[in-house]
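# please work out how this folds:
(one chain, ligands or ions: 1)
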Amino acid sequence: MNDATQCPKCLGTGWTIEKTANGPVAKRCVCYHERQAAVLLKKTNIPKRYRDCTLDNFEIHKDNAFHKDALAISKKFVKNYPAQDVGLLLIGPCGVGKTHLAVGIIQELVRKKGASCVFYDFRDLIREIQNTFAPESGLTESEVLAPVFRSEVLVLDELGAKRTTAWVEETVFYIINHRYNHKKTTIFTSNYPDTEETEDNRDSFYKKGGDTLVDRIGVRLRSRVYEMCKIVEMEGEDYRKLAKQASYRF
Ligand SMILES: [Zn+2]
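Numbering: from 1, shown residues only. The predicted structure is shown next:
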């Protein structure tokens, strides 16, 4: 490999020799870990526009407490991984940085923990389920969907963004449940508010939007997601103010 031969530390072998009290010991060179991370990063399928999103460049808008908490939780998540067995559900309106944080988390997990991570848009997942399903071939064996089942950490972006048929809903449940049973971590983002416990405390903005998370993904999947995840709300005071201003204007 080209970049390997250029490494001055190991002269391209990927190994360095360290002298210890018990004699020389071979150790993996830094360049080896960097190459491994590069390979893993390629496999994450992070969309181009999010490729530069990291936890370090996540901006907290005007001291927003939701943003601060969400960032702190994301950092802790990376630090503790894989010791914790819950994923995250980042929930809130568009434009508050949910996807940025989810991508930032998997970028760090790849670099710092060497974890295999995959990013999927919910709509793409549904499209691929529809495309790949054939009665004679099992979903788990499908080459396209294999990373969704097998990756150590899956980001499923925009949960509920597409309405599905009962059959596809069943299949999404099967996939998520499969990950849950195999103790694989999933990070979801969603724009759809969850109303079960908060009833009328919701902003009028949400009501205009209509659907809640349950309306979009069904009761069963919602309760499974809640069992699998720590819920991170990211609505934000600023956003509410902006939404109100917008409604005055139009
Ligand atoms: Zn090297």
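
# okay, now the unreliable bits of this structure?
1-5, 133-137, 140-141, 195-210, 236-250 (pLDDT under 70).

# residue numbers of this structure in contact with the ion?
Contact residues, the chain versus the ion (CB under 5 Å from the ion): 7, 9-10, 29, 31. (Glycine included, C-beta is placed from N, CA and C.)

# and the residues you listed, which are buried?
Neighbour counting by 16 or more other CB atoms under 10 Å classes 7, 10, 29, 31 among the residues of the chain next to the ion as buried.

# need those in CSV (columns: distance to Leu40).
Formatted as CSV, those follow (distance: CB to CB, whole Å):
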residue, distance to Leu40
Cys7, 19
Cys10, 20
Cys29, 17
Cys31, 15
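
# helix, strand or coil for the residue nearest the centre of the chain?
Closest to where the C-alpha atoms of the chain average out (CA atoms, centre = their mean) is Val155, at 2.6 Å. Using DSSP: H, G, I helix; E, B strand; the rest coil, the structure places Val155 in strand.

# can you tell me how far it is from Ala70?
Using CB to CB, to the nearest Å, Val155 is found at 15 Å from Ala70.

# for Arg28, list the residues it contacts.
Taking CB atoms under 8 Å, 6 or more residues apart in numbering, we find Arg28 in contact with 14-16.

# go with 10 Å
With contacts defined as CB atoms under 10 Å, 6 or more residues apart in numbering, Arg28 is in contact with 10, 14-16, 36.

# what bridges to the residue nearest to Ile17 when sequence neighbours are not counted?
In this structure, Ile17 finds its nearest non-sequential neighbour in Pro24, 4.8 Å apart by CB to CB, 6 or more residues apart in numbering. In this entry, Pro24 is beta-bridged to Lys19, by DSSP bridges.

# what's the distance between Pro24 and the ion?
Taking CB to the ion, to the nearest Å as the measure, Pro24 falls 17 Å from the ion.

# over to Val214?
From Val214 to the ion the distance is 52 Å (CB to the ion).
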